[in-house]
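*Asks:* Here is a sequence with its predicted model. Questions after.
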Amino acid sequence: MTAVKPDIAVPPFEMTGGRVRLDGREVLRGIDLQVAPGEVLAVMGANGSGKSTLVRALLGLVPLAAGRTLIYGSPPGRFRDWHRIGYVPQRLQVGGGVPATVREVVASGRIARRPRLRLLPSAADRAAVQRALEKVGLAGVADRPAQHLSGGQQQRVLIARALAGEPDTFVMDEPTAGVDAASQAALADTLRDLVRQGRTVVLVMHELGPLEPLISRAVVLEGGRIVHDGAPPQPEGECARPGHRHLHPHAHRDRPTIWDTA
Ligand SMILES: Nc1ncnc2c1ncn2[C@@H]1O[C@H](COP(=O)(O)OP(=O)(O)OP(=O)(O)O)[C@@H](O)[C@H]1O
C-alpha cells in the first residue's frame, strides 16, 4: 500500500456529547472524542465498559440517542466514502449457504472501491487481495473455506479484508483477543506498516502488550464514560499481573493503572 497524505483538516471521527442506549440502558454517555488523521488510538477498559459500542457508534452501526458523530466530516447516514474506512469486527460471521473461501472474504473488502457498474474484479483488485493475503500469511490457505480456519487465522482473514480495501482509517475490535502468537506477530507487523504509511488506526484492546510502542494515544472507558484520554496506561506492580482487573480509584488521570487481562 502507498502512503497516505493525511487530510489534516478533517478528522476521521468526531463525536460530541455521544450517548447510546441499548435495551433501555445507557451504555455510552457524554462521549467527546476526536480522532486525528494518522493517530493510532487504543480504546481500552474492562469488560462491558462500552468499547465495542463506542467504535460501532463511531461507524454509525449503533445510533446515538443524543449528541452527534461525524465520519470525515459527514454524519454516518450521509457518508459515502466507505472505501476510506476498514472495519475489523471481533468475529467472522459464519452464515449458512455456500461457505466462502478465504480469498472471497478478503476480496469482499474491495467492494466499496468498485465503480457501480463494474461487477467483475479488476487486476488491481486481484493484486490488492493477493498482497493482503500475503501480508497476513494466509496466501497458502486462500482457497480453503474461511470457516475451517482457527480463530486466530479467521481474525487474520478479517484484517486482510480490511487491508485489501486500502482504506485511510482502520477500526479493529479486539484484534488480538484469543489469537495465537503467530497471528499477534502478524498484526504487530501490519500495524507497523500502517503507522509508517500514516494511516489512522482505532483499536479496541484489553491490553496493549507488544503493540504498546505503536500506540500514540489511549482512551479508557469505565461505565460508558471516558475516564482517561492521553498516553497509553502502563501496567504497574500488582496491576500488571494476569487476571488483575480494575481501575484504581486513586489512579492519576494521566497514568491510570487499568488492566484487564482476563
Ligand atoms: N445489543 C445490546 N443490547 C443491550 N445491551 C447491550 C448490547 N450490546 C452491548 N450491551 C451492553 O452494553 C455494555 C457495553 O458493551 P460493549 O460490548 O460495548 O462493552 P465492551 O467494553 O466492548 O466489552 P467486552 O470487552 O466484553 O467486549 C455491556 O453492559 C453490554 O452488556
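*Replies:* Perfect, I can see it now. Residues are numbered from 1 along each chain as shown.
*Asks:* So which residues of the chain form helices?
*Replies:* 51-58, 102-107, 123-135, 151-164, 181-196 (DSSP state H).
*Asks:* between these, which one is nearest to the ligand?
*Replies:* Closest approach to the ligand among these (C-beta to the nearest ligand atom): helix 51-58, 3.3 Å. For the C-beta atoms, the positions are set from N, CA and C on the backbone; glycine is no exception.
*Asks:* Please work out which residues outside the closest one touch it.
*Replies:* With C-beta atoms under 8 Å, 6 or more residues apart in numbering as the test, helix 51-58 has contacts from 13, 15, 18, 20, 22, 27-28, 31, 33, 35, 43-45, 62-64, 69, 71, 90, 171, 173-174, 202, 204, 221, 224.
*Asks:* follow-up on the earlier one: in CSV, list the helices of the chain along with mean pLDDT, mean neighbour count and distance to residue 212.
*Replies:* Shown next, in CSV, are the helices of the chain (pLDDT from 0 to 100; neighbours: other C-beta atoms under 10 Å; distance: least, C-beta to C-beta, whole Å):
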stretch, mean pLDDT, mean neighbour count, distance to residue 212
helix 51-58, 96, 23, 17
helix 102-107, 94, 24, 28
helix 123-135, 93, 17, 22
helix 151-164, 91, 25, 19
helix 181-196, 85, 17, 10
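*Asks:* and those as TSV, adding distance to residue 83?
*Replies:* Shown next, in TSV, are the helices of the chain (distance: least, C-beta to C-beta, whole Å):
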stretch	distance to residue 83
helix 51-58	17
helix 102-107	14
helix 123-135	11
helix 151-164	11
helix 181-196	16
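*Asks:* okay, those helices in JSON lines with distance to the ligand next?
*Replies:* Formatted as JSON lines, the helices of the chain follow (distance: least, C-beta to the nearest ligand atom, whole Å):
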{"stretch": "helix 51-58", "distance to the ligand": "3"}
{"stretch": "helix 102-107", "distance to the ligand": "22"}
{"stretch": "helix 123-135", "distance to the ligand": "26"}
{"stretch": "helix 151-164", "distance to the ligand": "14"}
{"stretch": "helix 181-196", "distance to the ligand": "18"}
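*Asks:* Look up how far residue 13 lies from residue 75.
*Replies:* Distance of residue 75 to residue 13, computed by C-beta to C-beta, to the nearest Å: 12 Å.
*Asks:* so what's in contact with these two at the same time?
*Replies:* Contacts common to residue 75 and residue 13, judged by C-beta under 8 Å, 6+ apart, are residue 69.
*Asks:* more crowded one of those two?
*Replies:* residue 13 (24 against 12; other C-beta atoms under 10 Å).
*Asks:* residues in contact with that one?
*Replies:* Contacts of residue 13 by C-beta under 8 Å, 6+ apart are 33-35, 58, 69-71, 169, 202.
*Asks:* Which residues does it form beta bridges with?
*Replies:* residue 35, residue 71 (DSSP bridges).
*Asks:* what about stretch 18-37 and the ligand, any contact?
*Replies:* Yes: using C-beta under 6 Å from any ligand atom, stretch 18-37 reaches the ligand at 22-23, 25, 27.
*Asks:* Please check these and keep the buried ones.
*Replies:* Among these, those scoring as buried are residue 27 (criterion: 16 or more other C-beta atoms under 10 Å).
*Asks:* JSON lines for the residues of stretch 18-37 next to the ligand, including distance to residue 153?
*Replies:* Formatted as JSON lines, these follow (distance: C-beta to C-beta, whole Å):
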{"residue": "22", "distance to residue 153": "31"}
{"residue": "23", "distance to residue 153": "33"}
{"residue": "25", "distance to residue 153": "35"}
{"residue": "27", "distance to residue 153": "31"}
